[in-house]
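Colleague: sequence first, predicted coordinates after that:
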Amino acid sequence: MQQPTHDSNVEPVIEAQAVSRNFGETRALNGVSIKVRKGELFGLVGPDGAGKTTLIRALSGLIGIHGGSVRVLGKDPLKNPTLRDAMGVMPQHYSLYGDLSVAENMHFFARLYCLSRKVYLERAERLLALTRLAPFTDRRADALSGGMYKKLALACALLHEPSVLLLDEPTNGVDPVSRRELWQLLHEFVNSGMAVLISTAYMDEAARCHQVCLLHAGNVVAEGVPARLVRELENPVFEVKGGERDALHRMLATSAGVVAASPAGERLRIVLEKDAVTRITSGIEQLGAHLSPVAADFEDVFLAYAYRADRDEHRPGAVGLGVAS
């Protein structure tokens, strides 16, 4: 995918500045800031409860905020409902009419956006071809597979040709082939100049974004270019071979300096604090296993930053994945 040129003089088309939002006693967002420019694919990355959906809803103008500011194309979406004509929004949960067919759903959204019949037919034909839904126009939405449903929702969100696209975990529950096809579509839209903000809990998807913001418990724990974040990770990563799995898990779960431990086939993959390597190596070898250093990936990056955030907030760090891979 072509990398956009990041010019600090170019105004962002999506911007959140120090956004805070509470739900009762729960702080869903705690001073979150992001900037997304034209032709950029920006990822909001984190597990359930990180604040991704709340931020997307605020940027969509669906909810207000308790602190900071949000802007889309330079305007407050809550105070400027006409902005929705320039935005395509795909919520996380099912948003189509299950008893309507593919064609009927698309026609319904065309009417919502006041598209002429000629414009609608031209755009629908192109989107149905892009999403490979053309053979299924008579099929009811609730009879579609998960991947086909998500592609229909995306097509409906794109009918009015928005300049900004907000996607809330669009590949959640989607099969691998449909996930790949959805991402191919996103690359096409971004390369044509669209600004796309996507939330995801899949670390392999996060690595495909131009820029990412890692959210954990409503806080930004890291942001930047995914490859750079991986390259600059200070925590060493290892695979553990041999030994008895349950005994190793027990030892790692109770050892200070273990950032994360997760299965990697028949082996364990662990992320450690630098000053814990010698001590953990000794403990693992006593259990009949040994460590081999491996290259870090984006999942290791997220786990390391989440661990640091928990440590700084004096919360006990959880050993394990905690995110989808």
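Modeller: Cool, the structure landed. Since we're looking at a predicted model, the values are computed, not measured.

Colleague: could you pull out the strands for the stretch 201-325 of the chain?
Modeller: 211-216, 219-224, 237-242, 258-264, 267-272, 289-293 (DSSP state E, counting those that start in this stretch).

Colleague: and these, which is most packed in?
Modeller: Mean neighbours per residue, mean count of other Cβ atoms under 10 Å, is largest over those for strand 211-216, with a mean of 25. To be clear about C-beta, it is placed using only N, CA and C from the backbone, and glycine gets the same treatment.

Colleague: as PDB, could you dump the C-alpha coordinates of that strand?
Modeller: C-alpha atoms of strand 211-216 as PDB (Å, rounded to 0.1, in the frame of the first residue of the first chain):
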ATOM      1  CA  GLN A 211      -0.600   5.300  11.500                       C
ATOM      2  CA  VAL A 212      -2.000   3.700  14.600                       C
ATOM      3  CA  CYS A 213      -3.100   4.900  18.100                       C
ATOM      4  CA  LEU A 214      -2.900   2.200  20.700                       C
ATOM      5  CA  LEU A 215      -5.700   2.500  23.300                       C
ATOM      6  CA  HIS A 216      -5.800   0.800  26.700                       C
END
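
Colleague: who does it pair up with?
Modeller: Note on strand 211-216: by DSSP bridges, its sheet partners are strand 41-45 (parallel), strand 219-224 (antiparallel).

Colleague: export the strands of the stretch 201-325 of the chain as a markdown table, with columns for distance to His249.
Modeller: Output for those, formatted as a markdown table (distance: least, Cβ to Cβ, whole Å):
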| stretch | distance to His249 |
| --- | --- |
| strand 211-216 | 23 |
| strand 219-224 | 25 |
| strand 237-242 | 10 |
| strand 258-264 | 7 |
| strand 267-272 | 8 |
| strand 289-293 | 11 |
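
Colleague: low-scoring pLDDT stretches of the stretch 1-150 of the chain, where are they?
Modeller: Counting by pLDDT under 70, the stretch 1-150 of the chain contains low-confidence ranges at 1-9.

Colleague: follow-up on the earlier one: adding distance to Glu234, write the strands paired with strand 211-216 out as JSON lines.
Modeller: Below are the strands paired with strand 211-216 laid out as JSON lines (distance: least, Cβ to Cβ, whole Å):
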{"stretch": "strand 41-45", "distance to Glu234": "19"}
{"stretch": "strand 219-224", "distance to Glu234": "12"}
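
Colleague: out of those, which gets nearest to Arg179?
Modeller: strand 41-45 (14.2 Å; Cβ to Cβ).

Colleague: packing partners of the following helix or strand past the closest one?
Modeller: On the C-terminal side of strand 41-45, the nearest following helix or strand under DSSP states H and E is helix 52-59. With contacts defined as 3 or more Cβ pairs under 8 Å, 6 or more residues apart in numbering; DSSP states H and E, the packing partners of helix 52-59 are strand 14-23, strand 26-36, strand 41-45, strand 67-72, strand 164-168, strand 195-200.

Colleague: which stretches in the stretch 51-200 of the chain count as helices?
Modeller: 52-59, 102-112, 117-131, 146-158, 176-191 (DSSP state H, counting those that start in this stretch).

Colleague: and the second one, which residues are buried?
Modeller: Of the residues in helix 102-112, those scored as buried under the neighbour-count criterion (16 or more other Cβ atoms under 10 Å) are Val102, Ala103, Glu104, Asn105, Met106, His107, Phe109, Ala110.

Colleague: against His107, how distant is the closest residue to the third one other than its chain neighbours?
Modeller: Counting by Cβ to Cβ, 6 or more residues apart in numbering, Glu104 lies nearest to Tyr97, which is 7.6 Å off, once chain neighbours are set aside. As defined by Cβ to Cβ, to the nearest Å, Tyr97 lies at a distance of 11 Å from His107.
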